[in-house]
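Novice: Build me a model:
(chains A and B)
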Amino acid sequence: NAGVTQTPKFHILKIGQSMTLQCTQDMNHNYMYWYRQDPGMGLKLIYYSVGAGITDKGEVPNGYNVSRSTTEDFPLRLELAAPSQTSVYFCASTRDPNQPQHFGDGTRLSIL
Amino acid sequence: AQSVTQLDSQVPVFEEAPVELRCNYSSSVSVYLFWYVQYPNQGLQLLLKYLSGSTLVKGINGFEAEFNKSQTSFHLRKPSVHISDTAEYFCAVKRYGGSQGNLIFGKGTKLSVKP
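Specialist: Predicted structure coming up:
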């Protein structure tokens, strides 16, 4: 099993451009999450989904959107990218909300 | 609401020395507790978890942690570290019984093991 796969691994975006970060998991997990990691700040939850067709905001949702049309995929959309969105983005999933989450390797995004 | 405080942002130690990484949490309800490790340019891997039962939890790579409810702590320990343990360690909590599974992370502790 591949687990949680994120693409791309690295990307440079210009201010004002849009982009979709891809996340897919092959474990048939209903629960999926997007986090951003900034130096010295830990991970902050952006959006999460408890199943196909159901999404909700986390702690830092502004400037982002998500969709969940299938169990496997949970893309994160950045509209009108801003320098403050320069970060490392992690996608995670779990079968049970009380069990540990499985993380992808991250997408390192720079906005210049 | 829950919060997590990792008291040390950086911990330098010599190889084969013992180490303790401290984690305190704040919550008005019962919580589940986790420690994750992040090696450079990688995602997070689960080290260990406390869901219920014995308060001393053993994880991978020789790490263990003890849940102390009265002190609201979940400190991570290893009796003898190796160079390969150099990484960033994150403590996380989740509200017991929550339906979304949202984790609250601490800011991380960078462990640097020197030869």
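Novice: Where do the strands of the chain begin and end?
Specialist: This is for chain A. A:4-7, A:10-13, A:19-25, A:31-37, A:43-51, A:54-57, A:64-66, A:76-78, A:87-94, A:102-103, A:107-111 (DSSP state E).
Novice: not quite, I wanted chain B
Specialist: Using DSSP E, the strands of chain B run over B:3-6, B:10-14, B:19-21, B:23-26, B:31-38, B:44-50, B:56-58, B:64-68, B:73-78, B:87-95, B:104-105, B:109-114.
Novice: Need the residues that contact the second one.
Specialist: What that stands for is strand B:10-14. Contact partners of strand B:10-14, identified using CB atoms under 8 Å, 6 or more residues apart in numbering or on different chains, comprise B:19, B:21, B:81, B:109, B:110, B:111, B:112, B:113, B:114, B:115. Quick note: C-beta positions are derived from backbone N, CA and C, even for glycine.
Novice: Show me how to select, in PyMOL, the buried members of those.
Specialist: Here is the PyMOL command that selects the buried residues among the contacts of strand B:10-14 (16 or more other CB atoms under 10 Å in any protein chain shown):
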select buried, chain B and resi 19+21+81+109+110+111+113
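Novice: Please list all residues in contact with the spatially most central residue of chain A.
Specialist: Centroid-nearest residue in chain A, with CA atoms, centre = their mean: residue A:34, separated by 3.2 Å. Applying CB under 8 Å, 6+ apart to residue A:34 gives the contacts A:21, A:23, A:45-48, A:58, A:64, A:66, A:74, A:76, A:89-91.
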